[in-house]
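**Student:** Structure, please.
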Amino acid sequence: MTHAPAHDTVSSPFEGILPGAPLPYFLRNGEGEKSIVFDTVFDILLSADETEGQYGAFTTIGPKGDRIPAHQHPTTHEIFYVVEGAVGLWLDDQADYHEKRVLEAGDFAFVPKGIVHAYQNLATSKIFGVGTGGFERFFHGIGTPTDSAEIPTRPYIPPFEQMLAAGQKYGTVFLPEFSFRD
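**Tutor:** Got it, this is the predicted structure:
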């Protein structure tokens with residue numbers, strides 16, 4: 001039995017993949033709500049709809065690449081757990097905490113709300129992430145739907161307007177002028 005997602009009354013390409021309510025379910029490897037953002041596949045495994053707004057869970061898989069732009073989430077806590085590969089992670093509280101770490105398979109990081117951060121895949125990497133409920137849909141807002149769990153051969157470059165709209169809707173503030181202490 002499929003359930004229409006509670007987050008959207010209009011048909012979406014993701015309709016019926018997740019239950020849309022706090023019901024038990026299982027996903028096989030590669031199943032979930034997938035979107036391409038640049039050269040990375042984001043796969044939502046659990047959304048705020050299933051957790052009554054508490055949290056969402058997702059994976060990313062992408063190739064070695066450039067650091068994503070500095071940004072912060074005013075209301076979202078986020079975790080990074082590296083499943084495969086290696087990821088550079090920059091954190092800055094804009095006061096006295098400045099940190100850059102390389103996370104390898106099995107390493108974990110917590111990014112509290114309000115912390116400026118960015119990451120970079122230093123090799124082909126898979127990350128498991130969890131964020132405050134609702135944030136997970138940011139990846140759909142900024143990306144384009146896909147059925148493939150594979151790293152895309154053609155990246156999806158979102159128009160700037162799409163990035164800004166997704167940021168406003170899902171609580172992401174882009175800070176293109178921010179400079180991390182490397």
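**Student:** neighbours around the nearest residue to Phe178 once chain neighbours are set aside, how many?
**Tutor:** Nearest residue to Phe178 in three dimensions, chain neighbours excluded: Ala70, at 3.9 Å (C-beta to C-beta, 6 or more residues apart in numbering). Any C-beta I mention is one placed from the backbone N, CA and C, and that applies to glycine too. Ala70 sits with 18 neighbouring residues when counted by other C-beta atoms under 10 Å.
**Student:** Is Ala70 in contact with Gln120, as I believe?
**Tutor:** No - using C-beta atoms under 8 Å, Ala70 is not in contact with Gln120, being 11.5 Å away.
**Student:** residue ranges with poor pLDDT in the protein?
**Tutor:** Low-confidence segments of the chain, defined by pLDDT under 70: 1-11, 182.
**Student:** Straight-line length of stretch 27-40, end to end?
**Tutor:** End-to-end distance for stretch 27-40, by C-alpha to C-alpha, to the nearest Å: 20 Å.
**Student:** what does it rub up against?
**Tutor:** 14, 17-18, 41-45, 47, 58-63, 65, 68, 121, 139-140, 142-149, 151-152, 155-158 (C-beta atoms under 8 Å, 6 or more residues apart in numbering).
**Student:** Show me how far it is from its chain's centre.
**Tutor:** 10 Å (C-alpha atoms, centre = their mean, to the nearest Å).
**Student:** Would you mark the buried spots in it?
**Tutor:** Neighbour counts over stretch 27-40 (16 or more other C-beta atoms under 10 Å) mark Gly32, Glu33, Lys34, Ser35, Ile36, Val37, Asp39, Thr40 as buried.
**Student:** Likewise for stretch 116-126?
**Tutor:** Val116, His117, Ala118, Tyr119, Gln120, Asn121, Leu122, Ser125, Lys126.
**Student:** send the alpha carbons of it over as PDB?
**Tutor:** Output in PDB follows, covering the C-alpha atoms of stretch 116-126 (Å, rounded to 0.1, in the frame of the first residue of the first chain):
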ATOM      1  CA  VAL A 116      28.900  28.200   9.000                       C
ATOM      2  CA  HIS A 117      30.100  25.000   7.300                       C
ATOM      3  CA  ALA A 118      31.100  23.500   4.000                       C
ATOM      4  CA  TYR A 119      32.300  20.200   2.800                       C
ATOM      5  CA  GLN A 120      34.300  18.700   0.000                       C
ATOM      6  CA  ASN A 121      34.500  15.100  -1.200                       C
ATOM      7  CA  LEU A 122      38.300  14.300  -1.300                       C
ATOM      8  CA  ALA A 123      37.500  11.000  -3.000                       C
ATOM      9  CA  THR A 124      34.400   9.300  -4.300                       C
ATOM     10  CA  SER A 125      32.400   9.400  -1.000                       C
ATOM     11  CA  LYS A 126      29.100   8.300   0.500                       C
END
